[in-house]
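Participant: Fold the following for me, if possible:
(chains A and B)
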Amino acid sequence: MKLKILPPTLRIKNRYLVLDIKSEFEFSKNELVLAIWDACIRFYGECETSSFNLWLMRLYNSSPPIWEQNLTENDEITLNNLNINYKSNFECFYQKAILKCRRNSEDKVRASLATMSLYKGKKIAIATIGISGSVSSSKHKFIN
Amino acid sequence: MKYHDLNIRGSSYESDLRLILEANKLGWNYVNLIYSPDKYNLALKYRKDLEEKLDNIIKVANLKNKTEFEFGIEIKTRNPNDIRKNSRKFRNKTKFISIFGGDSKINRMACENIQIDLLSRPYLKRRDCGINHVLAKEAFKNNVAIELCFKDILTSYLSYRAKILSHFRDIIKLHQKFKFPLLITTGSSSIFDVRSPKDVSAVFKSIGLNEEEINSCFNSYPENIISFNNDRKDMVVLGVKEINR
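Facilitator: Sure thing, here's the model as predicted:
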């Protein structure tokens, strides 16, 4: 039988972090969950991480920034003795995610996510681009 | 408030452009691209093109804020006497000179030299933080900033990361007592190393800096260095400035 929902005063207050993920490979939801937990446990340890109440709510594939199209054009600049070409083979996957965490531990979570640089030997960078009080508002503000 | 990152590794035109745009996207207002003395002249050649391309992209992509950038030199030497030579040689050529620290003699030489803007990573490959109360006083006197590089936390793990964090704590403790300028930088060389200012400040908050100190690390200390270096040409001696009429 399912437990009865706690009254609002006893419920845990949550915040939703919107993450901007750049990586050398495309993350699945499970892999991202493992990577987030790994980063938090590495930086804050098991005891502190247990109070974060982490839960990955959504994962989206996002488009590269608008200026990326300008960079991948075959643009060539000839200077005095220099020939400079853009490398159009630069590969990077852009994703966005919404991560639930306990209120007042947002800073700790974003700090531990910022310290992650590698996952399974591939480069990864997670930046927190926004914090919101509900999934819908975080989606509305930072993802759409 | 303006967020300054005074240590981004410049290497080539393409990489510099990507780094500046990524920094712009994440909210940095001012970045300083650091080169070795050999590469600096090469970088100056494409500086104008970089500015034009950036302006063009900002217009096309309709970006809200523009990130300013400046070029600087990092002197990496083992001989302490070379610091004085190189600082004199490059002072008029560039607006920003940093010294790659780590060696105790070099740390001391950098802190005692008013021509130097930044002592970069004094704790590198050391068992202590590389700064003591004597050097802290000298750094304050000569207005030499000490750098805490976020990339050192990023690239290390387990016991190495713990040691670097403890060095950071020691430097922060000295900063709180002696008030020498402290800079927090990302030290990024690729777009995977760039983090938003809020993320970086969250890490340093957990180490022991408070909000006010972090703000001055990102804003007031770098602005002081930049404005001091802009006025450096007109300065006859420290405290006396020639005013153009």
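Participant: Which residues outside the lowest-mean-pLDDT helix or strand in chain B are in contact with it?
Facilitator: Ranked by mean pLDDT, DSSP states H and E, the weakest helix or strand in chain B is strand B:235-237, scoring a mean of 80. Contacts to strand B:235-237, defined as CB atoms under 8 Å, 6 or more residues apart in numbering or on different chains, come from residues B:241-242. Just so you know, the C-beta spots here come from the backbone N, C-alpha and C atoms, and that holds for glycine as well.
Participant: quick one: it to chain centroid distance?
Facilitator: 24 Å (CA atoms, centre = their mean, to the nearest Å).
Participant: try stretch B:54-74
Facilitator: Remark: stretch B:54-74 is offset 18 Å from the chain centroid, using CA atoms, centre = their mean.
Participant: And the next helix or strand past the strand or helix carrying residue B:154?
Facilitator: Per DSSP states H and E: residue B:154 is located in helix B:150-155. Moving toward the C-terminus from helix B:150-155, the next helix or strand (DSSP H and E) is helix B:158-178.
Participant: Can you list the residue ranges for helices in the chain?
Facilitator: You didn't pick a chain, so chain A it is. With DSSP state H applied, chain A shows helices at A:29-49, A:66-72, A:106-114, A:135-138, listed in chain order.
Participant: To clarify, I was referring to chain B.
Facilitator: With DSSP H as the criterion, chain B has helices at B:13-26, B:37-45, B:47-61, B:80-91, B:104-112, B:133-142, B:150-155, B:158-178, B:197-207, B:211-215, B:221-231.
Participant: Pull the residues that contact the second one.
Facilitator: The reference is to helix B:37-45. A:79-80, A:82, B:10-11, B:16, B:33, B:35, B:71, B:73, B:75, B:86, B:90, B:93-94.
Participant: out of the residues you listed, which are buried?
Facilitator: For the contacts of helix B:37-45, a burial check counting by 16 or more other CB atoms under 10 Å in any protein chain shown picks out B:10, B:16, B:33, B:35, B:71, B:73, B:75, B:86, B:90, B:94.
Participant: How about the residues of chain B by chain A?
Facilitator: Chain B has residues B:12-14, B:17-18, B:21, B:25-26, B:42, B:45-46, B:49, B:56-57, B:60-63, B:153-155, B:157-158, B:161, B:190-196, B:198-200, B:202-203, B:205-206 near chain A, with proximity defined as CB under 8 Å from any CB of the partner chain.
Participant: what helices or strands is the lengthiest strand in chain B leaning on?
Facilitator: Longest strand of chain B, by residue count under DSSP state E: strand B:68-75. Packing contacts for strand B:68-75, counted by 3 or more CB pairs under 8 Å, 6 or more residues apart in numbering or on different chains; DSSP states H and E, involve strand B:30-35, helix B:37-45, helix B:47-61, helix B:80-91, strand B:97-100.
Participant: Pull the residues that contact it.
Facilitator: The contact list for strand B:68-75 (CB under 8 Å, 6+ apart) reads B:6, B:10, B:20, B:29-37, B:40, B:43-44, B:47, B:50, B:54, B:82-83, B:86-87, B:90, B:93-100, B:117, B:120, B:226.
Participant: List the strands paired with that strand, with their directions.
Facilitator: Sheet pairing of strand B:68-75 (DSSP bridges) gives strand B:30-35 (parallel), strand B:97-100 (parallel).
Participant: Run the angle between it and helix B:221-231 for me.
Facilitator: Here the directions of strand B:68-75 and helix B:221-231 differ by 80 degrees (axes from the mean of the first three to the mean of the last three CA atoms, to 10 degrees).
Participant: just for chain B, where's the confidence low?
Facilitator: Flagging of chain B using pLDDT under 70 yields the residue ranges B:245.
Participant: 80 instead?
Facilitator: B:61-64, B:233, B:238, B:244-245 (pLDDT under 80).
Participant: who's in contact with the residue nearest in space to the middle of it?
Facilitator: In chain B, the centroid-proximal residue (CA atoms, centre = their mean) is residue B:6; its distance is 3.5 Å. Applying CB under 8 Å, 6+ apart, we find residue B:6 in contact with B:31-32, B:72, B:96, B:98, B:118, B:147, B:183, B:185, B:222, B:225.
Participant: hmm, 6 Å instead?
Facilitator: B:32, B:183, B:185, B:222 (CB atoms under 6 Å, 6 or more residues apart in numbering or on different chains).
Participant: Closest to chain A out of these?
Facilitator: residue B:185 (14.1 Å; CB to the nearest CB).
Participant: wait, isn't the closest one in contact with residue B:8?
Facilitator: No - with contact defined as CB atoms under 6 Å, residue B:185 does not reach residue B:8; the gap is 7.8 Å.
Participant: follow-up on the earlier one: and which of the buried ones among the contacts of helix B:37-45 is nearest to chain A?
Facilitator: Nearest to chain A out of the buried ones among the contacts of helix B:37-45 is residue B:16 (CB to the nearest CB; 10.7 Å).
Participant: Would you quantify the distance from the residue lying closest to the closest one once chain neighbours are set aside to residue B:67?
Facilitator: Excluding its sequence neighbours, the residue lying closest to residue B:16 (CB to CB, 6 or more residues apart in numbering or on different chains) is residue B:10, at 5.1 Å. Going from residue B:10 to residue B:67 by CB to CB, to the nearest Å gives 14 Å.
Participant: repeat for residue B:77
Facilitator: Going from residue B:77 to residue B:67 by CB to CB gives 31 Å.
Participant: okay, these two: which has more neighbours?
Facilitator: residue B:67 (22 against 16; other CB atoms under 10 Å in any protein chain shown).
Participant: For that one, give me its contacts.
Facilitator: Contact criterion CB under 6 Å, 6+ apart gives B:20, B:23-24, B:28, B:31 as the residues in contact with residue B:67.
Participant: Disregarding residues adjacent in the polypeptide, which is nearest to it?
Facilitator: Nearest to residue B:67 is residue B:24, by CB to CB, 6+ apart, at 4.1 Å.
Participant: what about the one you found, neighbour count?
Facilitator: 25.
Participant: This completes my enquiry, with thanks.
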